[in-house]
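> turn this into a model:
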Amino acid sequence: MSDETPICSAKGCRADAVWVLAWNNPKIHTPERRKTWLACEEHREHLSRFLGVRGFLKDVVLLKEWEEDSGEGSSTTDG
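Okay, the predicted model is just below:
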C-alpha cells in the first residue's frame, strides 16, 4: 500500500484524483480487461469524452468506491 495520493492522468495535471475511468481497447484487450485512468473533477469530462469517442470507456467510478470494490488501498494508472 502506498501513502501517495493518486493524481489525475490528464497531461500536466497534478491535482488529486477523484474519479477512476475504466476502459479497454477492444482491438488489443480481452473484453473483461480494464485499464484505468484517474481524473480530478476538472478533467473527468474531458478524459471521459476522449475515451468515449473511441469506444473505449467502460465505467466512471469514484476513486474511493473503486478502492473499496477492489479491496486495495490505492489505485494505479496503467495507460
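> got the phi/psi numbers for V60?
The phi and psi values for V60, taken as degrees, to the nearest 10, are phi -130, psi 120.
> W23 too?
phi -150, psi 170.
> now do the contacts for it.
R34, K35, T36, W37, L51, F56, L57, K58 (C-beta atoms under 8 Å, 6 or more residues apart in numbering). Heads up, the C-betas are built off the backbone N, CA and C, glycines and all.
> wait, is the fourth one part of a strand?
Yes. Going by DSSP: H, G, I helix; E, B strand; the rest coil, the assignment for W37 places it inside a strand.
> now do the biggest helix by length in the chain, average pLDDT.
Counting residues, the longest helix in the chain under DSSP state H turns out to be helix 44-53. For helix 44-53, mean pLDDT rounds to 98.
> middle-most residue in this structure, spatially?
Closest to where the C-alpha atoms of the chain average out (C-alpha atoms, centre = their mean) is W37, at 2.7 Å.
> who does that one bridge with?
Note on W37: beta-bridge partners L21, judged by DSSP bridges.
> ok now stretch 15-28, how far from the chain's centre?
3 Å (C-alpha atoms, centre = their mean, to the nearest Å).
> same check on stretch 14-34?
On C-alpha atoms, centre = their mean, the centre of stretch 14-34 falls 5 Å from that of its chain.
> list the buried residues of it.
A17, V18, W19, V20, L21, A22, W23, N24 (16 or more other C-beta atoms under 10 Å).
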